[in-house]
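# sequence isn't available, so here's the structure alone:
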């Protein structure tokens, strides 16, 4: 089959690789009908993620049709049309039982690597380095899906691929950002970063009953989308005004009830994901502004409010305003998205017509054009927001 | 633990430590001297050791390596354990190069044999020194001790029953080929060793407390002397069982074997923890979970790319398991 393989910094190639096979008893093989490039794939593309190997198949947002099933797979059969979520979760362990699916204790065969870097390991993820298991990804014609009963969601034929594809990652991820804010009626929520995940945080905050949602970014086309498509009430372009001052002006000096960091370290031109301590510290010192969204979110949040961190952090950050967090009784909540906790409910929202997630798509390419997709996405050329690929 | 033929008594503590450190410094100076000679006078070195005089490039590289190791020993301070182990690895490279030279028609075989004997002697010194410096990780008889634990969402009864049938052990201990129960609390173990070989031993159960603890040790004549115990502790909050494993063993192939294991990224503690994680998978999801990268092995250097496995690769992996 053809698959998009990583070969080094800004070097991805669509190549012929072996077809995936059933390796474990609850596996399924999915024939992919739609897949996408995620903002977090750009880390791999730009060479910031250690433990990549030449030939790794990328991609963790994909969907398609089940064409083969392992002997112990229940509730899924050949012919099912499914969305696959990026976390690989066994469904049986302590964390899966608490719906903390990205913390599955059994799905990361390279857990030992991550333990050395983070103290404990996360679940396995598709196409996202060997640190997260060494699983081939979904920018390909076919993919092996372990624990397919937990890791796939059956979707009705009445909805198009583009309407349901983002249930794989970015819609639930954005939604979790809002969910972690524990939104009460009348709440004001500010969202840092209006990339695809930020767009979904804005839309989700609205779905969850926030009265006023404020989007923050520097790209006019993203701010426009936030206002016109995602439903932001107001937007702030941080290149034109000071974000903190603008938020205080809007909220009479109290600050938003919930602040969502949908930026992470990635939007600031690279980060030292899980490099050895010295390298990370050095890198952070070299670019002291990198956790700028997180610092701003903390400083702007109202007393006793919640800061929800969804943007990806990989290592160490510098100058973290802990005094502000502690003295003002802030709550910080964070995590890789436990997709399976949310995706059924979000599918219902899509079916009811509350939201059509396809609004974030800016580019549609064939699988063979994937390298071009990475190029325009990484350079934000042509107002690129989200690239969908068709195998 | 059974004492074995190859475990000679070691002199006690301080005296030996001092000797090992002096020996390390001596080896450091030796590295620097030999390295400089190889770097500056490769032709002379080639002549003395019976190598092809055109191989000066290789000899210069060996020289650089020697200097690097020498500096490493001094840079690492009082107990340059890793640096001396690095010398052992370097010796292995030199021996490999000399071995290759034997095959060449342009080499003087008599001198080559002399050079090889010298390198072997130095290797022995390196090993003794490195082993003495590593004595902190070792038992009084030179073995390795590993203690690890893992929490598994099963009852102590279920885990005890599973472990008590020793024939189940190879399903989660990746270095075991087979265990066959021979009766009378005894069993025969076959384990994989470096370079495709295997080691075998008979073991007996030394303690057996139902649902609580199993202890075993190898019998006289074992390729690898080892003993171990597994303890099943009920976890608080009805969260399953904490499995505690203590293993004490002399690595296959003795010290060289343990160096080879270390070089291939198989630190014993890590190995045991990986095995326990596999046990957790077997108990909680029914089998060991594999990714494309870890079909063969999950060592840092032994992973394959995260790309689907071809039929041939898969056959190889099933042969290896």
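Structure's in. What do you need? Small disclaimer: the values here were computed from a predicted structure and weren't measured.

# need the contact list for residue B:279.
Residue B:279 sits next to B:150, B:152, B:172, B:243 when contact means CB atoms under 8 Å, 6 or more residues apart in numbering or on different chains. The way it works is simple: take the backbone N, C-alpha and C, and place the C-beta from them, glycine included.

# for those, which entry has the maximal number of neighbours?
residue B:152 (27 neighbours; other CB atoms under 10 Å in any protein chain shown).

# quick check, that one in contact with residue B:280.
Yes. Using CB atoms under 8 Å, residue B:152 makes contact with residue B:280 at a distance of 4.8 Å.

# distance-wise, check residue B:127 relative to residue B:121.
Distance, residue B:127 to residue B:121, using CB to CB, to the nearest Å: 11 Å.

# higher neighbour count, those two?
Comparing residue B:127 with residue B:121 by other CB under 10 Å, the one with more neighbours is residue B:127, at 19 against 10.

# quick check: which element contains the more buried one?
helix B:109-133 (DSSP states H and E).

# who are the packing partners of that helix?
In terms of contacts (3 or more CB pairs under 8 Å, 6 or more residues apart in numbering or on different chains; DSSP states H and E), helix B:109-133 is packed against helix B:13-40, helix B:42-48, helix B:81-102, helix B:254-263.

# make it 7 Å
Contacts defined by 3 or more CB pairs under 7 Å, 6 or more residues apart in numbering or on different chains; DSSP states H and E place helix B:109-133 against helix B:13-40, helix B:81-102, helix B:254-263.

# for chain A, find the nearest of the ones you listed.
Comparison of the helices and strands packed on helix B:109-133 against chain A by CB to the nearest CB identifies helix B:254-263 as nearest, at 15.1 Å.

# residues of the helix or strand that the closest one is followed by that come out buried?
Later in the chain than helix B:254-263, the nearest helix or strand by DSSP H and E is helix B:268-285. Buried positions in helix B:268-285, judged by neighbour count with 16 or more other CB atoms under 10 Å in any protein chain shown: B:268, B:270-285.

# who in the stretch 201-321 of chain B is up against chain A?
B:239, B:270, B:273-274, B:277, B:280-281, B:284-287, B:289-295, B:298, B:303, B:305-310, B:314 (CB under 7 Å from any CB of the partner chain).

# and those, which of them are buried?
With burial judged by 16+ other CB under 10 Å, the buried subset of these is B:270, B:273-274, B:277, B:280-281, B:284-285, B:289-295, B:298, B:303, B:305-309.

# pull the helix or strand with minimum mean pLDDT from chain A.
helix A:277-286 (a mean of 47; mean pLDDT, DSSP states H and E).

# after that helix, next one along is what?
Following helix A:277-286 in sequence, per DSSP H and E, is helix A:292-300.

# helices or strands up against that following helix?
Against helix A:292-300 (3+ CB pairs under 7 Å, 6+ apart) you get strand A:188-192, helix A:243-250, strand A:258-261, strand A:306-309, helix A:322-327.

# quick one, helices of chain A?
Per DSSP state H, chain A carries helices over the ranges A:41-45, A:94-97, A:111-118, A:148-151, A:161-164, A:170-179, A:196-207, A:220-225, A:243-250, A:277-286, A:292-300, A:322-327, A:339-352, A:370-378.

# for the nearest residue to residue A:9 once chain neighbours are set aside, give its distance to residue B:187.
In space, and not counting its chain neighbours, residue A:9 is closest to residue A:47: 3.5 Å by CB to CB, 6 or more residues apart in numbering or on different chains. Residue A:47 sits 50 Å away from residue B:187, going by CB to CB.

# what about these two, which has more around it?
Higher neighbour count among residue A:47 and residue B:187: residue B:187, with 20 against 14, using other CB under 10 Å.

# just checking, that one touches residue B:181?
Yes. Taking contacts as CB atoms under 7 Å, residue B:187 lies within contact range of residue B:181: 4.9 Å.

# now list whatever residues contact both of the two.
Listed as contacting both residue B:187 and residue B:181 by CB atoms under 7 Å, 6 or more residues apart in numbering or on different chains are residue B:166.

# how about the contacts made by the residue nearest to residue A:59 when sequence neighbours are not counted?
Once flanking residues are discounted, residue A:59 sits nearest to residue A:139: 3.2 Å by CB to CB, 6+ apart. When contacts are counted by CB under 7 Å, 6+ apart, residue A:139 touches A:3, A:4, A:35, A:57, A:58, A:59, A:127, A:367, A:370, A:389.

# these in strands, which ones?
A:3, A:4, A:35, A:389 (DSSP state E).

# surely the first one meets residue A:58?
No. If you go by CB under 7 Å, residue A:3 and residue A:58 don't touch, sitting 8.4 Å apart.

# quick one, what contacts the residue in the stretch 151-300 of chain A positioned nearest to chain B?
Using CB to the nearest CB, residue A:151 is the residue of the stretch 151-300 of chain A that sits closest to chain B, at 12.3 Å. Going by CB under 7 Å, 6+ apart, residue A:151 touches A:84, A:85, A:88, A:89, A:145.

# of the residues you listed, closest to residue B:98?
Nearest to residue B:98 among the contacts of residue A:151: residue A:88, at 48.2 Å, using CB to CB.

# which residues does that closest one form a beta bridge with?
The partner list for residue A:88 in beta bridges (DSSP bridges) reads residue A:124.

# so for residue A:287, what's the pLDDT?
At residue A:287, the model reports a pLDDT of 42.

# if you could redo that for residue B:194, that was the one I meant.
The per-residue pLDDT reported for residue B:194 equals 68.

# then residue A:373?
Looking at residue A:373, its pLDDT is 97.

# repeat that for the one 10 residues further on.
Predicted confidence (pLDDT) for residue A:383: 90.

# that one contacts residue A:221, correct?
Yes. The criterion here is CB under 7 Å, and residue A:383 meets it with residue A:221 at 4.5 Å.

# quick one: low-confidence ranges for the stretch 101-250 of chain A?
Within the stretch 101-250 of chain A, no stretch has pLDDT under 70.

# the residue in it that chain B sits nearest to: neighbour count?
Among the residues of the stretch 101-250 of chain A, residue A:134 lies closest to chain B, at 2.2 Å counting by CB to the nearest CB. Neighbourhood size, residue A:134 [other CB under 10 Å]: 30.

# residue contacts, it?
Going by CB under 7 Å, 6+ apart, the list of residues near residue A:134 reads A:109, A:110, B:291, B:292, B:293, B:294, B:303, B:306.

# again, but for residue B:83
The contact partners of residue B:83, by CB under 7 Å, 6+ apart, come to B:69, B:72, B:73, B:76.

# among the residues you listed, which one lies nearest to chain A?
Using CB to the nearest CB, residue B:76 comes nearest to chain A of the contacts of residue B:83, at 17.9 Å.
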